[in-house]
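Undergrad: build me a model from this:
(2 chains)
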Amino acid sequence: MTNVPIEGILLPDEKHNHESPSSWKEYFSFSTDHKVIGIQYLVTSFFFFLVGGIFAMVMRGELMTPESDLVDRTVYNGMFTMHGTVMLFLWTFPSLVGFANYLVPLMIGARDMAFPRLNAVAFWMVPVVGILMMGSFFVPGGPAQAGWWSYPPVSLQNPTGNLINGQVLWLLAVAISGVSSIMGAVNFVTTIVKMRAPGMGFFKMPLFVWAVFSAQIIQLFGLPALTAGAVMLLLDLTAGTAFFDPAKGGNPVMFQHYFWFYSHPAVYVIILPVFGIFSEIFPVYSRKPLFGYKVVAISSILIAVVSGIVWVHHMYVSGTPGWMRLIFMLTTMCVSVPTGIKVFAWVATIWGGKLRLNTAMLFALGGLVMFVFAGITGIMLSSVPVDVHVNNTYFVVGHFHYVLYGTVTMGLFAAIYHWFPKMTGRMYSESWGKIHFWLAFIGTNLNFLPMHPLGLQGMLRRVASYAPEYQFWNIIASLGGFLLGMSTLPFIFNMVISWMQGEKAPANPWRAIGLEWLVSSPPPVENFEETPIIISEPYGYGKSEPLTANLPE
Amino acid sequence: MKIQKILNILTLLTGAIAVTSMSLWIGKQSYSWLPPQAAAESLLIDDLISFLVTLGAFIFLGVTSTLMYSVIFHRAVKDDFTDGPPIEGNVTLEVVWTAIPILLVFWIASYSYQVYEQMGIQGPSEIVHLHNPLAMESAYAAPAKALAEPIEKIDVLAKQWAWVFHYPERDITSTELHLPSDRRIRLALKSQDVLHGFYIPAFRLKQDIIPNHAIDFEFTPIRPGKYRLTDSQYSGTYFATMQANVVVESPEDYQQWLAQAATQKPSPAKNQAAAEYAQTSHQSVQTGWVTVPPAAPPLVNSPG
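TA: A predicted model of the protein is given here:
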């Protein structure tokens, strides 16, 4: 079996050398190598992570005092809108797509993605989205200020009266981002279905591949809804249609259905690959096979299925009738079953192992603990009566930051440390890595834990000013936020210095089991000189089975 | 070998007792994290929150203490790269830990459903007239029936960025929401422009207000005092300022307030959004980005 099983699709033929990227300039070019594209995604998204982080710190600065005294209310509203948008559409999505790009072909023994040029085009739309978003700060009236979910009619109010305004640019950017992600999803699903090496049945795939597969299926059914909603809102805003404008007879709640039909499953699109990362990391550093491999694999698909019927839990109080509230309460709670299976499987994998607590493992463990916490508050939020109280308060903000920073970003850092030697051919500094971990772990908890008592007391999200009794917890949260901002400095320092002059990495520095560790670090351009033939399941720690029939172990 | 086994069981038992009593204690604490219980509904919701906190604490402490145990006692010796025991799965264990969350989900969902049913907060389901065989009994149904269901009807208008309350029986408007305690209240919620949210943390109650939709909302205040009403659905530039006082008082005081307000001539209310919009702001960073101008301060009998 070669890598061209699909009619009409050719592998990149413009590459003749079999060397890994030799010059940094290659990372700024239109490359079709999935590994170059993967790193392009990662570096671009990390840049926007810093931008989104700066917005967050302006907000935490404003919230140090009860009054609105640091920035204009309009600036504050623009800040939280862009913080949410940038962190989702320009940090978590693209960075995880970056890992998927880099790892999936290597993990399934393919030479590249199924559609390499489509892959490159999908990536180059990300900087376009970024430029539109950042450019919106310079149009009259400033960037979009209606929050990352842009509910009409607020998002339809256009006080400048200009056709080109922040909200229009925002909607264009979101629609382009949706198109880029659909391109990516088609590519990943095709690659995983069609391009696995001989012998790699579905139940021999690493769990990261399972997770990417499930996540990308969500993209395929969900994204069209969001993109359609964004385009309809754009038409309302620019062309005078009345899909959502109540002043002209439209229904603003319809937009919420379009929006959440995708945007809740989007959380699983983000977190499933992180679950995959955890499933890759725990066996290596516990030196045990992953406990309950098949159940964990199936649970990814189950999450993708259930994700399609949970969106209304964002709308319990937005005019949703009682019977619908209760149905969606039950479906939402059901998500805890497959996620619970995963958590228990990881704990059982770690139990009785021979743990090695290097930076990647620390980030994965920290992420797991914070995910358990987020899962518990998630169950509380799915309960209709509790949600009636804490909906749109800081309790929700605390919950989803435990998901998106505590779990997703920590998982991303775990992945960066774990695969850094593979990607760069260099080792990183463990001591700087550990400093990064402890600053990030303490900062995350200081920043997001106080949001829970604030929310229970009734402090609303998206406010620039608040009642004085909320100040104490807000100061703690802000200090945690600034610490979290600082924690990225040792990371950047470590990555830059290690990439330039770190110790040379061997092919398999962690003695891990997986196809990607059988090729040199960094891998050659077309990954495998000879297509591997897979003969055993992944994670064979303690069993000393060879993974492939034809490659050196 | 036998002693080892007994020791293991003892350790496990001690751990389980410690985790259980710790979670029960945390569950009790949860009441102190919440605002005063000023509505009948808040009593039900707080019990539910305490139950979920207890359960959540048990799961969280159980998982983290197991992980901590592994991290402390199962570390690899330096330079030992040998493998751990190749345990790949255990069908019994996997069935058990799939069944437990499923049972928990049904337990939590049915408890939540009961609470929701007792709250009987109405909302838009009343408007679509769905045939609902499970007729909802309100939280205060029994005592309220004893009081012959005196339902107090009040119109609530939300606009960018002000609350206006209208008492139809006496034709009074106010920017302060006065409510008689121990009476069922029915609010008719309306929005003039964008989405708003009616939220009183001390009541634990919230309902979005949607333009062109009439939404009824019911509850029963039980504790006299002064509380805050906030807008819970982001409504634009001055969103944070859209607040109002809620005064819960005895039915006698309430009647007296109504009578007193009826004698007053309507005058413009104080409004923070309008005041901020009119004067140059005090913020250190200003861009002068254009905003939707606030609606004029409402004319009310009782400016509060």
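Undergrad: where does the stretch 201-304 of chain B dip in pLDDT?
TA: Low-confidence segments of the stretch 201-304 of chain B (pLDDT under 70): B:280-286, B:304.
Undergrad: for it, what spans make up the strands?
TA: B:205-209, B:215-219, B:225-231, B:243-249, B:267-268, B:299-300 (DSSP state E, counting those that start in this stretch).
Undergrad: wait, what's in contact with A:His452?
TA: A:377, A:394-395, A:398-399 (CB atoms under 8 Å, 6 or more residues apart in numbering or on different chains). Every residue, glycine included, has its C-beta placed from N, CA and C.
Undergrad: what pLDDT is listed against it?
TA: According to the predicted model, the pLDDT of A:His452 comes to 98.
Undergrad: on that earlier part again, dump the strands of the stretch 201-304 of chain B into TSV; add mean neighbour count as well.
TA: Shown next, in TSV, are those (neighbours: other CB atoms under 10 Å in any protein chain shown):
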stretch	mean neighbour count
strand B:205-209	27
strand B:215-219	22
strand B:225-231	20
strand B:243-249	20
strand B:267-268	12
strand B:299-300	18
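Undergrad: which of these sits closest to chain A?
TA: strand B:205-209 (4.1 Å; CB to the nearest CB).
Undergrad: can you name the residue of the stretch 101-250 of chain B nearest to chain A?
TA: B:Pro201 (2.5 Å).
Undergrad: what is the neighbour count of that residue?
TA: Using other CB atoms under 10 Å in any protein chain shown, B:Pro201 has 27 neighbouring residues.
Undergrad: ok, the nearest residue to it once chain neighbours are set aside - contacts?
TA: Nearest non-adjacent residue to B:Pro201, counting by CB to CB, 6 or more residues apart in numbering or on different chains: A:Gly458, 2.5 Å away. Remark: with contacts taken as CB under 8 Å, 6+ apart, A:Gly458 is in contact with A:389, A:393, B:35, B:199, B:201-202, B:228, B:230.
Undergrad: need the strands for the stretch 201-350 of chain A, in chain order.
TA: Under DSSP E, counting those that start in this stretch, the stretch 201-350 of chain A gives no strands.
Undergrad: near chain B, which residues of it?
TA: A:246-247, A:249, A:252-253, A:286-295, A:317-323, A:325-326, A:329-330, A:333-334, A:336-337, A:340-341, A:343-344, A:347-348, A:350 (CB under 8 Å from any CB of the partner chain).
Undergrad: and the contacts of A:His452 near chain B, which?
TA: Applying CB under 8 Å from any CB to those, those adjacent to chain B are A:Thr377.
Undergrad: output the contacts of A:His452 as a markdown table; include the columns neighbour count.
TA: Converted to a markdown table, the contacts of A:His452 look like this (neighbours: other CB under 10 Å):
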| residue | neighbour count |
| --- | --- |
| A:Thr377 | 24 |
| A:Tyr394 | 30 |
| A:Phe395 | 25 |
| A:Gly398 | 27 |
| A:His399 | 24 |
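Undergrad: what is the most widely separated pair among the contacts of A:His452?
TA: With CB to CB as the measure, no two of the contacts of A:His452 lie farther apart than A:Thr377 and A:Tyr394, at 11.6 Å.
Undergrad: B:Gly189: what secondary structure?
TA: Heads up, residue B:189 is Leu, not Gly. strand (DSSP: H, G, I helix; E, B strand; the rest coil).
Undergrad: and it, how far from B:Asp83?
TA: Separation of B:Leu189 from B:Asp83 (CB to CB, to the nearest Å): 63 Å.
Undergrad: those two: which is more packed in?
TA: B:Leu189 (24 against 20).
Undergrad: next one: that one, what pLDDT does it get?
TA: Value for B:Leu189, per-residue pLDDT: 95.
Undergrad: quick check, it in contact with B:Lys153.
TA: No. Using CB atoms under 8 Å, B:Leu189 and B:Lys153 do not qualify as a contacting pair, with a distance of 11.9 Å.
Undergrad: tell me, what's touching these two both at once?
TA: Joint contacts of B:Leu189 and B:Lys153 (CB under 8 Å, 6+ apart) do not exist.
Undergrad: thought A:Val58 was touching A:Met64?
TA: No. Counting by CB under 8 Å, A:Val58 stays clear of A:Met64, with 11.1 Å between them.
Undergrad: need the overlap of contacts for these two.
TA: With CB under 8 Å, 6+ apart, A:Val58 and A:Met64 have common neighbours A:Leu70.
Undergrad: just the angle for the longest helix along chain B relative to strand B:205-209, thanks.
TA: Determined from DSSP state H, the single longest helix within chain B is helix B:40-73. On the basis of axes from the mean of the first three to the mean of the last three CA atoms, to 10 degrees, helix B:40-73 is oriented at 110 degrees to strand B:205-209.
Undergrad: run the chain-centre distance for stretch B:258-272.
TA: 30 Å (CA atoms, centre = their mean, to the nearest Å).
Undergrad: buried set for it?
TA: The neighbour-count check on stretch B:258-272 (16 or more other CB atoms under 10 Å in any protein chain shown) flags B:258, B:261, B:269, B:271-272 as buried.
Undergrad: what about that stretch, near chain A?
TA: No. Using CB under 8 Å from any CB, stretch B:258-272 never reaches chain A; the gap is at least 9.3 Å.
Undergrad: get me the contact residues on the stretch 351-500 of chain A for chain B.
TA: A:351-357, A:365, A:368-369, A:372-373, A:376-377, A:379-380, A:383-386, A:388-389, A:391-393, A:453, A:456-458, A:460-467.
Undergrad: and these, which are buried?
TA: Applying 16+ other CB under 10 Å to those flags A:351-356, A:365, A:368-369, A:372-373, A:376-377, A:379-380, A:383-386, A:388-389, A:391-393, A:453, A:456-458, A:460-466 as buried.
Undergrad: for B:Arg75, what are its contacts?
TA: A:354-357.
Undergrad: a markdown table for these, including pLDDT and secondary structure?
TA: Formatted as a markdown table, these follow (pLDDT from 0 to 100; DSSP: H, G, I helix; E, B strand; the rest coil):
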| residue | pLDDT | secondary structure |
| --- | --- | --- |
| A:Lys354 | 93 | coil |
| A:Leu355 | 95 | strand |
| A:Arg356 | 94 | coil |
| A:Leu357 | 95 | coil |
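Undergrad: closest to chain B out of these?
TA: Nearest to chain B among these, with distances taken as CB to the nearest CB, is A:Lys354, at 3.8 Å.
Undergrad: isn't the closest one up against B:His74?
TA: Yes. Between A:Lys354 and B:His74 a contact is recorded at 6.8 Å, counting by CB under 8 Å.
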